[in-house]
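A.B. asks: Build me a structure from this.
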Amino acid sequence: MAIRDILLLGNPLLYEVCEPVVRRELEELSPVIEDLHDTMLDFRRRHGTGRAIAAPQIGVMKRLVVMDIDRRIVFLNPALDMMSGETFDLWDDCMSFPGLLVKVRRHLRCRLRYKDEQWIDRELTLEGALSELLQHECDHCDGILAVQRALDGKALALVSERRSAG
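C.D. replies: Model (predicted):
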């Protein structure tokens, strides 16, 4: 479909809570889903990163996430629960602030409940990298950016300085 501009850090829309998708919107959201996928793949081609993207990152204020690791998966109204008490720290990146890393703490395991493109209820149990990825994307739907989850005042680094960031 189309490659859209990704909203960047500081854009007020990124801090808004998204509205749930309702079934009657599925057809009108189909082009948005294609645009999200195309935009993510374009970002990945240009920057070498990008596994998932949330609709608010292109200014569509709906609870919608598209992920493509080995295939495209669409998450409508994603919701996390069963968050493990066990956590881990990582340097997180984001398409809305390319070139910047933020050290955050994420849950090692969680469950994601969502509807697929056919409006069927689904759930996934996530661990490690997938757990942190979907926590990041669900945060976008809640108007929360990784910079708001920074561990401390030293938890920001440029990608070019990652080796010395620890």
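
A.B. asks: Go through the protein and flag its longest strand.
C.D. replies: In the chain, taking DSSP state E as the definition, the longest strand is strand 72-81.

A.B. asks: residues near Phe43, how many?
C.D. replies: 18 (other C-beta atoms under 10 Å). To be clear about C-beta, it is placed using only N, CA and C from the backbone, and glycine gets the same treatment.

A.B. asks: What pLDDT does the model give it?
C.D. replies: Confidence at Phe43, expressed as pLDDT, is 97.

A.B. asks: Show me what secondary structure element comes after the helix or strand containing it.
C.D. replies: Taking DSSP states H and E as the definition, Phe43 sits inside helix 26-47. For helix 26-47, the following helix or strand on the C-terminal side (DSSP H and E) is strand 52-54.

A.B. asks: pLDDT of that next one, averaged?
C.D. replies: For strand 52-54, the mean pLDDT works out to 98.

A.B. asks: for it, packing partners?
C.D. replies: helix 26-47, strand 64-68, helix 129-141 (3 or more C-beta pairs under 8 Å, 6 or more residues apart in numbering; DSSP states H and E).

A.B. asks: tell me the angle the shortest one makes with helix 26-47.
C.D. replies: Between strand 64-68 and helix 26-47, the angle formed by their directions is 50 degrees, by axes from the mean of the first three to the mean of the last three C-alpha atoms, to 10 degrees.

A.B. asks: on that earlier part again, nearest to Ala54, out of the helices and strands packed on strand 52-54?
C.D. replies: Ala54 lies closest, by C-beta to C-beta, to one member of the helices and strands packed on strand 52-54: helix 129-141, at 3.5 Å.

A.B. asks: and after that closest one, which helix or strand comes next?
C.D. replies: Assigned by DSSP H and E, the successor of helix 129-141 is strand 156-158.

A.B. asks: Any stretches of this structure with poor pLDDT?
C.D. replies: Segments of the chain classed as low confidence (criterion: pLDDT under 70) are 163-166.
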